[in-house]
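Student: Pasted the sequence and its predicted model underneath.
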Amino acid sequence: MNQEQAPEEANFDQIVAMLKDTTASCPVIFNCQAGISRTTTAIVCGALVKELQLTRELDRMRGIVPDDILDALKKKKLGLPGIDIEVQEDRNAMQMGEFEVIKELLAAYPAAKIAKAQVDKLIDLAAPPPRGTGVENIRECIIESKMS
């Protein structure tokens with residue numbers, strides 16, 4: 001990935017290929033030269049893969065572990081089910097990732113609202129405090145690049 005540019009599809013494929021044979025509990029570290037936007041983008045992508053892995057691992061426990069315990073674990077670890085798919089925060093639409101291309105995607109595929117909410121949660125977690133524990137909010141990077 002190049003600094004200050006959108007990642008290419010091949011970059012996402014590399015992250016998936018790297019993680020596909022690991023377990024959800026396998027730690028992953030991402031870093032780039034600056035340790036900011038490329039790292040944050042990779043963290044969000046990697047977290048999506050890890051959440052999918054965790055979901056599959058929990059689903060394999062159905063019939064062994066009671067459903068209410070599995071559902072509680074999913075909600076605690078993933079925010080699912082019951083993740084809020086509507087923008088209800090006091091941030092403006094752009095800060096919530098309500099870009100035109102995203103609006104068009106959601107209009108064409110309404111079921112994608114859940115996926116967007118999940119990605120938004122991960123972007124917020126990768127952002128600096130108080131919303132997250134990371135270094136940079138990649139939504140803010142997009143806003144800044146569009147304004148310059």
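Tutor: Yes, it's here. These numbers come from a predicted model, not from an experiment.

Student: phi, psi of Arg62?
Tutor: The phi and psi values for Arg62, taken as degrees, to the nearest 10, are phi -60, psi 140.

Student: And for Val65?
Tutor: For Val65, the backbone dihedrals are phi -100, psi 140 (criterion: degrees, to the nearest 10).

Student: who does the helix or strand containing Ala72 touch, helix- and strand-wise?
Tutor: Under the criterion of DSSP states H and E, Ala72 resides in helix 67-78. Secondary-structure packing of helix 67-78 (3 or more Cβ pairs under 8 Å, 6 or more residues apart in numbering; DSSP states H and E): helix 37-59. (Each C-beta comes from the backbone N, C-alpha and C, glycine too.)

Student: and Asp21, how many neighbours does it have?
Tutor: Neighbours of Asp21 under the rule other Cβ atoms under 10 Å: 7.

Student: Next, it: secondary structure please.
Tutor: coil (DSSP: H, G, I helix; E, B strand; the rest coil).

Student: pLDDT at it, what is it?
Tutor: For Asp21, the model assigns a pLDDT of 92.

Student: re the thing from before, relative to the whole chain's centre, how far out is the next helix or strand after the helix holding Ala72?
Tutor: Once helix 67-78 ends, the next helix or strand along the chain (criterion: DSSP H and E) is helix 100-108. Relative to its parent chain, helix 100-108 has a centroid offset of 18 Å by Cα atoms, centre = their mean, to the nearest Å.

Student: Alpha carbons only: can I get the helix or strand of the chain with the lowest mean pLDDT in PDB?
Tutor: The helix or strand of the chain with the poorest confidence is helix 138-147; it has a mean of 80 (mean pLDDT, DSSP states H and E). Extracted in PDB, the C-alpha atoms of helix 138-147 (Å, rounded to 0.1, in the frame of the first residue of the first chain):
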ATOM      1  CA  ILE A 138      -9.200   6.600   8.600                       C
ATOM      2  CA  ARG A 139     -12.500   8.300   8.000                       C
ATOM      3  CA  GLU A 140     -10.900  11.600   9.000                       C
ATOM      4  CA  CYS A 141      -8.100  10.800   6.600                       C
ATOM      5  CA  ILE A 142     -10.600  10.500   3.800                       C
ATOM      6  CA  ILE A 143     -12.300  13.700   4.800                       C
ATOM      7  CA  GLU A 144      -9.000  15.600   4.900                       C
ATOM      8  CA  SER A 145      -7.900  14.200   1.500                       C
ATOM      9  CA  LYS A 146     -11.200  15.200  -0.100                       C
ATOM     10  CA  MET A 147     -10.900  18.800   1.300                       C
END
